[in-house]
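Trainee: build the 3D model from these lines:
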Amino acid sequence: MSYAVPSMFPLHPKMDEQVARAFTANEDEEEQHIQKVQNAFLYYGPYACQRLRRTLDYLNSLPADDQRLLSKYRAHLDCVRTCIDRNQAVIRQILRERLLYPADGSSSPTSEANSEFDEPPEHVRHGDMDQAQSTLKLIARDWSTDGALEREQSYKPIIDSIKEYYRPSDYELNEIKILVPGAGLGRLTYELACLGYSCEGNEFSYFMLIASNFVLNLCDYENKYVLYPWVHQYVNNLRREDQVAAVRFPDVCPLKNPPKGNIEMAAGDFLEVYKTPHSYNCVATCFFIDCANNVIDFIRTIYKILVPGGIWVNLGPLLYHYSDVNGQNSIEPSYEDLCIIIESVGFVIECSRSGIRTKYAQNPSSMKQSEYQSLFWVCRKPGQYEEQCGKKNTKSKVSKEPHDLVMREDNDMEVLVNANADTNETDTEAFEETAQT
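Mentor: Sure thing, here's the model as predicted:
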């Protein structure tokens, strides 16, 4: 199945032969899913106004004296409605290119798909609408000046580590292939390509793919569009203007500032798409590895697709998205467990840090601020000689515990994750005695 897409930053369903056959067999189902995503975007305005209408209905039921006291609040709610309408207008622009439909037009969207819905579209659920609203926040995170601090926290450590490992003085950067799974809106992939690397972003969510295509291929100058990403936040607002704060995007126009290296986006499930061994020099993951039911599957796949001597750079928390989700299985290993798993799979942990202060799509003016103490590591797949030696000495290769010393960025202090060996032995003996009792 081929998609009609602009050629500069191509988006395509990348798959091996086996997956391609399954994809063709489920073509209708895939198109229905894409249509559902676009319908959710089109239903954004009416859905957001439902929440607003509940507040207005209650406001109108209050005593006249209370309503007079809330006259400015009522005017503010009118501004909220205007911001919702303007967000919907931007969404229409995002959807103006039906890039994800077959090039032959056999399943081109109907005229109904060109207008908003008054009632919930078929098969669109609350979770889909939450994703539509979240996509607006992620546009602000990845492609506005307002998101610069979050990008500095999350992307810079990854970029700096890759630059240090694959230096321009030592490599032809356009020959260094980097994969960014869970690429989201594509900013990290774009920034790495701007340095000259050959970059491929992979994303499963069509909400993200549609929005990233718009920014990468259809925005023709900086700060052309205005969004109001926090308009859905009715609580923890210090000032009325905080809820209706405007964000302009894109802060950088990829069409006017094309990267030096190759860049493309691949649609599909990471575990299904990437099965070819020794395909990439680097895998860069940001807020990604905890999106698996079984994180070991991700780690093994990353190891498999890296060339010998290649590196995996990761930053993010361990939120484990499927934990406590009805109908989903999940394991939630701690960082301590992950270190054992990573080395058991075959990686060499070159460096690791905890306590990296990172925010994710946060309203900077909100009275409530959430922050992760994220993990960061660089792991290397051993070279062929190292791998051969490792097979002969498997026991010595695998570490039983994570690195004793972990750098924390809080106050630039170093803290010991594990106590000294004597204390560990004492604790272990006490635990064994208690267990026997």
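Trainee: that's a strand at I356, yeah?
Mentor: Yes: when classified by DSSP: H, G, I helix; E, B strand; the rest coil, I356 is found to be part of a strand.
Trainee: pull the number of nearby residues for it.
Mentor: For I356, the tally of surrounding residues (other CB atoms under 10 Å) stands at 20. C-betas here are computed from N, CA, C, even on glycine.
Trainee: nearest spatial neighbour of it, skipping sequence neighbours?
Mentor: Counting by CB to CB, 6 or more residues apart in numbering, I356 lies nearest to S374, which is 4.2 Å off, once chain neighbours are set aside.
Trainee: how far away is the one you found from Q153?
Mentor: S374 sits 8 Å away from Q153 when distances are taken as CB to CB, to the nearest Å.
Trainee: ok, these two, which is more surrounded?
Mentor: Ranked by neighbour count (other CB under 10 Å), S374 and Q153 place S374 first, with 24 against 19.
Trainee: residues contacting the more buried one?
Mentor: Contacts here follow CB atoms under 8 Å, 6 or more residues apart in numbering; on that basis S374 touches S154, L315, G316, P317, S354, G355, I356, R357, T358.
Trainee: what is the neighbour count of the second one?
Mentor: Going back to what we said before, that points to L315. The burial count assigned to L315 is 27, neighbours taken as other CB under 10 Å.
Trainee: wait, isn't it in contact with I356?
Mentor: Yes: between L315 and I356 there is a contact at 6.5 Å, judged by CB atoms under 8 Å.
Trainee: which stretches of the stretch 301-437 of the chain form strands?
Mentor: 306-316, 348-358, 372-380, 405-408, 414-416 (DSSP state E, counting those that start in this stretch).
Trainee: quick one: residues contacting the closest residue to V37 other than its chain neighbours.
Mentor: Distances taken as CB to CB, 6+ apart place Y206 nearest to V37, at 4.3 Å, with adjacent residues excluded. Contacts for Y206 (CB under 8 Å, 6+ apart) come out as H33, I34, V37, L100, A267.
Trainee: residue contacts, S205?
Mentor: So S205 contacts Q131 (CB under 8 Å, 6+ apart).
Trainee: which pLDDT value belongs to it?
Mentor: Predicted confidence (pLDDT) at S205: the value is 96.
Trainee: now swap in E27 and tell me
Mentor: As summarised for this prediction, E27 has a pLDDT of 74.
Trainee: quick check: closest non-adjacent residue to T285.
Mentor: By the measure of CB to CB, 6+ apart, the closest residue to T285 outside its immediate chain neighbours is N314, 4.6 Å from it.
Trainee: wait, that neighbour touches D290, no?
Mentor: No: assessed by CB under 8 Å, N314 is found out of contact with D290, at 10.3 Å.
Trainee: so which of the two has more stuff around it?
Mentor: Each of N314 and D290 has its neighbours counted (other CB under 10 Å); N314 has more, 26 against 20.
Trainee: what sits opposite the more buried one in the beta ladder?
Mentor: Using DSSP bridges, the beta-bridge partners of N314 come out as T285, W377.
Trainee: please tell me how far it sits from S323.
Mentor: Here N314 is placed at a distance of 19 Å from S323 (CB to CB).
Trainee: if we can go back for a sec, any shared contact partners between L315 and I356?
Mentor: By CB under 8 Å, 6+ apart, the residues touching both L315 and I356 are P157, S374, L375, F376.
Trainee: out of those residues, what pair is the most spread apart?
Mentor: By the measure CB to CB, the shared contacts of L315 and I356 have their two most distant members at P157 and L375, which lie 10.8 Å apart.
Trainee: overlap in contacts of these two?
Mentor: Going by CB under 8 Å, 6+ apart, residues that sit against P157 and also against L375 are L315, I356.
Trainee: which residues touch the most centrally placed residue in the chain?
Mentor: With distances taken as CA atoms, centre = their mean, the chain has G184 as the residue nearest its mean C-alpha position (4.3 Å). Under the criterion of CB under 8 Å, 6+ apart, the contact list for G184 reads L138, D142, E203, M208, S212.
Trainee: taking those one by one, which sit in strands?
Mentor: Counting by DSSP state E, the part of these found in strands is E203.
Trainee: among the contacts of G184, which two are most distant?
Mentor: The widest separation within those, taken as CB to CB, falls between D142 and E203 and amounts to 12.0 Å.
Trainee: who has more neighbours out of those two?
Mentor: D142 (27 against 24).
Trainee: that one and L179, how far apart?
Mentor: Applying CB to CB, the value for D142 to L179 is 18 Å.
Trainee: tell me how many other residues crowd R51.
Mentor: Other residues near R51 number 12, with proximity taken as other CB under 10 Å.
Trainee: hmm, I typed the wrong one, I wanted R300.
Mentor: 15.
Trainee: list the contacts of it.
Mentor: Contacts for R300 were tallied using CB under 8 Å, 6+ apart; they are V345.
Trainee: now that we're looking at it, what pLDDT does it have?
Mentor: 98.
Trainee: using CSV, lay out the contacts of Y206 together with pLDDT, distance to K275 and neighbour count.
Mentor: Formatted as CSV, the entries for the contacts of Y206 read as follows, by pLDDT from 0 to 100; distance: CB to CB, whole Å; neighbours: other CB atoms under 10 Å:
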residue, pLDDT, distance to K275, neighbour count
H33, 88, 22, 14
I34, 91, 24, 21
V37, 95, 26, 23
L100, 50, 23, 24
A267, 94, 16, 22
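Trainee: now, which of the residues you listed lie within helices?
Mentor: Restricting the contacts of Y206 to those inside helices, with DSSP state H as the criterion, leaves H33, I34, V37.
Trainee: so what's the closest residue to I349 other than its chain neighbours up against?
Mentor: Excluding the flanking residues, the one nearest I349 by CB to CB, 6+ apart is C379, at 5.4 Å. Listed by CB under 8 Å, 6+ apart, the contact set of C379 reads I311, W312, V313, N314, I342, F347, V348, I349, E350.
Trainee: hmm, 10 Å instead?
Mentor: Applying CB atoms under 10 Å, 6 or more residues apart in numbering to C379 gives the contacts 283, 299, 302-303, 306, 310-314, 339, 342-343, 345-352.
Trainee: repeat for Q93
Mentor: F214, L218, C219, K224, Y225.
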